[in-house]
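Student: Below are the sequence and a predicted model; questions follow.
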Number of protein chains: 2
Amino acid sequence: MAELVGNVLVGQSGGPTSVINASVAGIVAEALNHECVEEIYGALNGVLGILNEDFIDLASESQQQIRALKHTPGAALGTCRFKLKKQQDYERVLEVFKAHNIRYFFYIGGNDSQDTADKISKLAGEQGYELRVIGVPKTIDNDLPVTDHCPGYGSVIKYLATTVRETACDSEAMGQGDLVTIIEVMGRSAGWIAAGAALAKRRDHPHDPPHLILLPEVSFNQEKILEDIRRTLKREKFCSIVVAEGLVDPDGNYVAANAQTDAFGHAQLGGAGDALAEIIETNLPGVKVRVAKPGLMQRAAAHAASKTDADEAYLAGQAAVRAAVDGQTDKMITLLRGDADQYTCETGLAPLADIANGIKKLPTEWINEDGVSMNFQFIRYAQPLIQGEVAVPYENGLPVFARLDKVRVDKLLSGYDIA
Amino acid sequence: MAELVGNVLVGQSGGPTSVINASVAGIVAEALNHECVEEIYGALNGVLGILNEDFIDLASESQQQIRALKHTPGAALGTCRFKLKKQQDYERVLEVFKAHNIRYFFYIGGNDSQDTADKISKLAGEQGYELRVIGVPKTIDNDLPVTDHCPGYGSVIKYLATTVRETACDSEAMGQGDLVTIIEVMGRSAGWIAAGAALAKRRDHPHDPPHLILLPEVSFNQEKILEDIRRTLKREKFCSIVVAEGLVDPDGNYVAANAQTDAFGHAQLGGAGDALAEIIETNLPGVKVRVAKPGLMQRAAAHAASKTDADEAYLAGQAAVRAAVDGQTDKMITLLRGDADQYTCETGLAPLADIANGIKKLPTEWINEDGVSMNFQFIRYAQPLIQGEVAVPYENGLPVFARLDKVRVDKLLSGYDIA
């Protein structure tokens, strides 16, 4: 394999996580080790930044700031949900890459982003432009295929399990047999995140909070759940529920969408948690319901991130650079779990097309028969992912996050009209 | 002052906080230092536990568990919102105290709890029963008079300012000039908690998030706020808003209550955040709004508690015991701030009646003229309260909290019918 000399481009895409910036840090740190890499650029707001030639010079950032990315939430390069659609868009990408001699392209994101990376890679091949494209997995949704798990997932479930433990202390203190607390978590189509709240239970304490986990995988049976709540209130004096935003009724409709529209015909803004609260208050008179909806908080909670997760996100960034320098392309870094009892994790590679076209479902055999709790197989899977705490630096009582200088790279082409 | 030999009783009341248990730990640890204290009991669920003679033996708990209370959220003894109303209730309290030779009563709570403690103290005086009653302040609402601030407040604002910083990283990455994020925080009648989010701004960075803080003290002017949002979206590309649940319109009605009722006549469950989101989406077409509602999470977030706050809560518990042993009664412990530039805090005493009948408002002169941000006077007040991080022990990736054995004290009286 002849050495490929040129520039690196990194982009971030889709919803941010607590650790997506750790992958950028891993890429930059590793890229500096390789002589074949000349410049290290970041694309602002993913493919939008590529189409617009909005690049920053990552190598000119201080090492402190690059290191600080390891504990900084959000997406320091900016992100986007824009999807390249037209052939013309892809050709523009290649035109920009050629103009800036981009030979290594690292795209950090979920399914859609890996699909984009795959198409860019294939077009480069067709045009005979030597380009190494490596995807880096990122999603709190944990739904990418092939990889054992996704950077971002461990941190969101560590945060939520922590929150369940804490709010349960509060609810237990207040509960007189009439208090239900609901935490609505992300997860439109899969219950990976809601399931993670099960980690809050101590081993061999099945009655620990959360008492009910309501997953999109188990259609909502109102009578059964109301009975579960009644029984829990009797036994525990309070009832802690974690519900995925994507909970569906037996007809496959979102429970959140069952809420009424207002006098102007607007759908109620409340989600699954509010809808569930209304069902409980209507059917269990005298029961008080408190709803918490962490929303964006859950995927940004860097102060409570998993060290294992952050380390693996960094590792995935490093591995992406090594793979590309070694001649790999059109692949995504995967995380592989060792077979031993003691958790180990190393990286592998999978074709981008395999990632783009697949989805990893929460195995239904990991859900207990009661439909509202997870079994030991899930715990065995998820528990290693939340181990360790990231040491976030505090200043004046608050965490301090990276702020990139974002020195712009000169544009070399004329502007592009993004349709 | 003759030494008063007898038993200690501790109770917790009202909404829990991240640090209310630290005050229990301070009371227990200090009580062990005094020979005049024979037994140390805890009342389960505040005055309810007194009426029902539901006491536990706190001295029999392990020292590890008492120490762990310092970082355990909720209220380990249980709490209540029950108010003693009838004269008969107060007489029952005294009857129970006499039966168990309670000579030292420490009640940890807010205004209502201090009012209860005051009435118990006065009735004991009337009956010639020697009893020392000392209140310990507790409330995230920070609205108790006389005391400079209240244990619980520093931790809730540290958590929320942290969350604002984190979610701002997320929103900044996503924002394309069309993204508003709202965090709805507690505070029905005062903006102390919402104001605390201002700490997220770096010094001399007035445009840092949160961009708008909507307080109950400033009536909601829809046109003005929409203009503020428009301007912020233009300048920052996203807009971070913190809104107090008790936001009111110019007629003094809750903005949350303006939301429509559904087809069944139920009021919408959404609060001020959802109502505000609807106003924004209706009036600023194309703008996306994301609402987070931490609810109970904010007052239970022990993993992100302020060390200053937890230490002061512990100190207040210790000071309560010392004051009582020294012969003080019918007082509440207050926190006094030193005059020096460097923050210092010591405890004082104030008559319970002064606490019970007063309320401390957020000074309106601490709000900037724009009505949506706080000035340096507030920052100078609040910043010392969030300093330092509590070292919460983690096990298996999650914080571990105290679990009391709760060894019951034998009941000595016949049951009491709580009306």
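Tutor: That came in fine, so what should we check first?
Student: can you map out the strands along the stretch 1-150 of chain A?
Tutor: Counting by DSSP state E, counting those that start in this stretch, the segments of the stretch 1-150 of chain A that form strands are A:6-12, A:37-43, A:55-57, A:102-109, A:132-137.
Student: what's the answer for the stretch 251-400 of chain A, then?
Tutor: A:288-292, A:331-337, A:345-351, A:394-395, A:398-399.
Student: Close to chain B: what parts of the stretch 101-250 of chain A are there?
Tutor: A:158, A:161-163, A:165-174, A:176, A:181, A:183, A:199-200 (CB under 8 Å from any CB of the partner chain). For every residue, glycine as well, the C-beta is placed using N, CA and C.
Student: how about a cut-off of 6 Å?
Tutor: Residues of the stretch 101-250 of chain A lying close to chain B (CB under 6 Å from any CB of the partner chain) are A:158, A:161, A:162, A:163, A:166, A:167, A:169, A:170, A:173.
Student: Between those residues, which sits nearest residue B:211?
Tutor: Taking CB to CB as the measure, residue A:163 is the one of these closest to residue B:211, at 25.7 Å.
Student: For the closest one, list the residues it contacts.
Tutor: Neighbour list for residue A:163: residue B:297 [criterion: CB atoms under 6 Å, 6 or more residues apart in numbering or on different chains].
Student: Confirm it sits in a helix?
Tutor: Yes. Assigned with DSSP: H, G, I helix; E, B strand; the rest coil, residue A:163 falls within a helix.
Student: Just send the residues of the stretch 101-250 of chain A next to chain B back as a markdown table, with pLDDT too.
Tutor: Formatted as a markdown table, those follow (pLDDT from 0 to 100):
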| residue | pLDDT |
| --- | --- |
| A:158 | 98 |
| A:161 | 98 |
| A:162 | 98 |
| A:163 | 98 |
| A:166 | 98 |
| A:167 | 98 |
| A:169 | 97 |
| A:170 | 97 |
| A:173 | 96 |
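Student: picking that back up, the strands of the stretch 251-400 of chain A: which one's closest to residue A:24?
Tutor: Comparing the strands of the stretch 251-400 of chain A by CB to CB, strand A:331-337 comes nearest, at 13.6 Å.
Student: For the closest one, name the packing helices and strands.
Tutor: strand A:132-137, helix A:307-325, strand A:345-351 (3 or more CB pairs under 6 Å, 6 or more residues apart in numbering or on different chains; DSSP states H and E).
Student: As TSV, these with mean neighbour count would be great.
Tutor: Listed next are the helices and strands packed on strand A:331-337 as TSV, based on neighbours: other CB atoms under 10 Å in any protein chain shown:
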stretch	mean neighbour count
strand A:132-137	29
helix A:307-325	25
strand A:345-351	17
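Student: possible to save those as CSV with distance to residue B:25 and mean pLDDT?
Tutor: Below are the helices and strands packed on strand A:331-337 laid out as CSV (distance: least, CB to CB, whole Å; pLDDT from 0 to 100):
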stretch, distance to residue B:25, mean pLDDT
strand A:132-137, 44, 98
helix A:307-325, 29, 98
strand A:345-351, 39, 98
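Student: wait, which of these is closest to residue A:278?
Tutor: When these are ranked by proximity to residue A:278 (CB to CB), helix A:307-325 comes first, at 35.1 Å.
Student: What separation do you get for residue A:224 and residue A:230?
Tutor: 11 Å (CB to CB, to the nearest Å).
Student: and of the strands of the stretch 251-400 of chain A, who's closest to residue B:24?
Tutor: So among those, strand A:288-292 is nearest, using CB to CB, at 23.6 Å.
Student: Pairing partners for the closest one, with directions?
Tutor: Strand A:288-292 has the following strand partners under DSSP bridges: strand A:179-185 (parallel).
Student: Which SSE is immediately downstream of the strand it pairs with?
Tutor: helix A:192-196 (DSSP states H and E).
Student: For that following helix, give me every contacting residue.
Tutor: A:142, A:156-157, A:185-187, A:213, A:215, A:242, A:244, A:362, A:374, A:378, A:382.
Student: one more time with 7 Å
Tutor: Identification of contacts with helix A:192-196 by CB atoms under 7 Å, 6 or more residues apart in numbering or on different chains yields A:140-143, A:153, A:156-157, A:160-161, A:185-187, A:213-215, A:242-244, A:362, A:374, A:378, A:382.
Student: Could you do stretch A:393-407 as well?
Tutor: A:21, A:56-57, A:60-61, A:65, A:68-69, A:72, A:76, A:302-303, A:392, B:158, B:161-162, B:165, B:169, B:199-200, B:306, B:383, B:386-387, B:389.
Student: List only buried entries from those residues.
Tutor: A:21, A:56-57, A:61, A:65, A:68-69, A:72, A:76, A:302-303, A:392, B:158, B:161-162, B:165, B:169, B:199-200, B:306, B:383, B:386-387, B:389 (16 or more other CB atoms under 10 Å in any protein chain shown).
Student: Of all the residues in stretch A:405-412, which ones are buried?
Tutor: Here stretch A:405-412 shows A:406, A:409 as buried, counting by 16+ other CB under 10 Å.
Student: same thing with stretch A:200-218?
Tutor: So stretch A:200-218, judged by 16+ other CB under 10 Å, has buried residues A:200-201, A:208-218.
Student: Of the residues you listed, which belong to helices?
Tutor: Among the buried residues of stretch A:200-218, no member falls in helices (DSSP state H).
Student: I'd like these as JSON lines, with pLDDT appended.
Tutor: Below are those laid out as JSON lines (pLDDT from 0 to 100):
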{"residue": "A:200", "pLDDT": "98"}
{"residue": "A:201", "pLDDT": "98"}
{"residue": "A:208", "pLDDT": "98"}
{"residue": "A:209", "pLDDT": "98"}
{"residue": "A:210", "pLDDT": "98"}
{"residue": "A:211", "pLDDT": "98"}
{"residue": "A:212", "pLDDT": "98"}
{"residue": "A:213", "pLDDT": "98"}
{"residue": "A:214", "pLDDT": "98"}
{"residue": "A:215", "pLDDT": "98"}
{"residue": "A:216", "pLDDT": "96"}
{"residue": "A:217", "pLDDT": "97"}
{"residue": "A:218", "pLDDT": "97"}
